[in-house]
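# output the structure for:
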Amino acid sequence: MAVDAQAVSRWTSSDRLDELLELVHGAFAGLQPPSSVLSETIDDVARRLRDGFALVARADGRLIGSVFAAWQGDALYLTRLAVAPAWRRQGVARALVEASAAEARAAGLARLTLRVRQNLPANRAYFARLGFAVTGEGQDPGRPPYDAMAWVLG
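Presented below is the predicted three-dimensional model:
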């Protein structure tokens, strides 16, 4: 069953952060090298929510996807895009990105930005299909190199 942007809403629960963290940890498990997200805690989730917001996708009341967003200049920066393994390839990530674009447009922002590990070329190709283009590259200390990507909103 495909998921559309109508199934996406802002995360509003401050007392169920463990549910959100569990989804993110499950979605990032198995990446090589392992993602730093696996060491994040409920306090890290709470900080991300204080600095921005999260969008979540649900099906039958269950949390199946999420993305954190924060305002950075004229852009909405997306991070920790997570989809429950059983829900991959069913439109959840697309719905979350489209809902993020709607949030950005409503706030008068010109673009969405994100980072993609260079060792995950399928992820980079996926975001390119959605309209993102590589705008640069970088590497944080102790982490794999990444490509910075942006989608200029029309």
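# got phi/psi on Pro141?
Backbone dihedrals for Pro141, given as degrees, to the nearest 10, come out at phi -50, psi 130.
# how much space separates it from Ser35?
Pro141 sits 15 Å away from Ser35, going by C-beta to C-beta, to the nearest Å. Heads up, the C-betas are built off the backbone N, CA and C, glycines and all.
# cool, and Arg117?
8 Å.
# ok, Pro141 and Ser35, which is more surrounded?
Shown here are Pro141 and Ser35; by other C-beta atoms under 10 Å, Ser35 has more neighbours (19 against 4).
# which residues touch the more buried one?
Phe28 (C-beta atoms under 8 Å, 6 or more residues apart in numbering).
# which residues of the chain fall in strands?
8-10, 53-59, 62-72, 75-83, 111-117, 133-138, 146-152 (DSSP state E).
# mind listing what the closest residue to Asp74 other than its chain neighbours touches?
Leaving out its chain neighbours, the residue that sits closest to Asp74 by C-beta to C-beta, 6 or more residues apart in numbering is Ala110, at 4.5 Å. The contact partners of Ala110, taken as C-beta under 8 Å, 6+ apart, are Asp74, Ala75, Ala104, Val152, Leu153.
# from those residues, which is closest to Ala125?
Comparing the contacts of Ala110 against Ala125 with C-beta to C-beta places Val152 closest, at 18.6 Å.
# how much space between the closest one and Ala70?
18 Å.
# neighbour count: those two, which is higher?
Set Val152 next to Ala70 and count neighbours by other C-beta under 10 Å: Ala70 wins out with 16 against 12.
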